[in-house]
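**Q** return atomic coordinates for the entry below.
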Amino acid sequence: MAKRIQLVLNKDVSKLGRAGDVVEVAPGYARNYLLPQGFAVRTTPGILKQVERRREAERLRLLELKKEAETQKATLEKSSRLAISKQVGEADAIFGTVTAQEVADLLQSNLNLEIDRRSINVPDISSLGTYKVEIRLHPEVTATVEIQVVPLR
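**A** All right, here's what the predicted structure looks like:
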């Protein structure tokens, strides 16, 4: 059985790894596909040091994103109830529903926080009242905000 070759991937390769990963592959696969296509380079001590520096920089970047999300969470949870005005029909039923885009616009106007509407989880709101809305700021950080639906004046 042939010896395997250690390479560092320059680009994502399906079923093998992501850019920056150190992988071991068969010599023919490396020689005939990965190296000529520019998907990988052979490992050397210098390249392994570069990979470690990139990993450390990525780890610090992700840590900074998490800290920023924690700050946004504190701002969101410190804020008082936010109110959305909706047109009301009989029995306090609202016309339409409260959408994630409306909540995102409310957060932008009141708290000056720009949050993507896709990260906002709004429960089914069909009448006046107070509802809890979950906002995913980071894969590990989720904030809960109280939204009060009030009649349109």
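**Q** from here on, just use CA atoms for contacts and neighbour counts.
**A** OK.
**Q** can you show me the strands along this protein?
**A** 5-9, 22-25, 40-42, 82-86, 120-121, 129-138, 141-151 (DSSP state E).
**Q** tabulate those strands (JSON lines), appending distance to residue 110 and mean neighbour count.
**A** As requested, those are exported to JSON lines (distance: least, CA to CA, whole Å; neighbours: other CA atoms under 10 Å):
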{"stretch": "strand 5-9", "distance to residue 110": "45", "mean neighbour count": "21"}
{"stretch": "strand 22-25", "distance to residue 110": "47", "mean neighbour count": "16"}
{"stretch": "strand 40-42", "distance to residue 110": "49", "mean neighbour count": "18"}
{"stretch": "strand 82-86", "distance to residue 110": "8", "mean neighbour count": "16"}
{"stretch": "strand 120-121", "distance to residue 110": "16", "mean neighbour count": "18"}
{"stretch": "strand 129-138", "distance to residue 110": "16", "mean neighbour count": "17"}
{"stretch": "strand 141-151", "distance to residue 110": "12", "mean neighbour count": "18"}
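**Q** just for this structure, where's the confidence low?
**A** For the chain, the stretches with pLDDT under 70 are 1-2.
**Q** nearest residue to the middle of it?
**A** Taking CA atoms, centre = their mean, the centroid of the chain lies closest to residue 138, which sits 5.3 Å from it.
**Q** who's in contact with it?
**A** Residues near residue 138 by CA atoms under 8 Å, 6 or more residues apart in numbering: 65-66, 69.
**Q** now swap in residue 54 and tell me
**A** Contacts of residue 54 by CA under 8 Å, 6+ apart are residue 20.
**Q** can we see that at 7 Å?
**A** Shown in contact with residue 54 (CA atoms under 7 Å, 6 or more residues apart in numbering): no residues.
**Q** and residue 43, by the same measure?
**A** Contacts of residue 43 (CA under 7 Å, 6+ apart): 6-8.
**Q** residue 107 is nearest to which of the strands of the chain?
**A** For the strands of the chain, proximity to residue 107 was assessed by CA to CA; strand 82-86 is nearest, at 8.3 Å.
**Q** now residue 16, nearest residue through space, not along the chain?
**A** Closest residue to residue 16 apart from its sequence neighbours, by CA to CA, 6 or more residues apart in numbering: residue 23 at 7.6 Å.
**Q** and of the strands of the chain, who's closest to residue 73?
**A** strand 141-151 (5.3 Å).
**Q** run the angle between that closest one and strand 82-86 for me.
**A** Counting by axes from the mean of the first three to the mean of the last three CA atoms, to 10 degrees, strand 141-151 lies at 40 degrees to strand 82-86.
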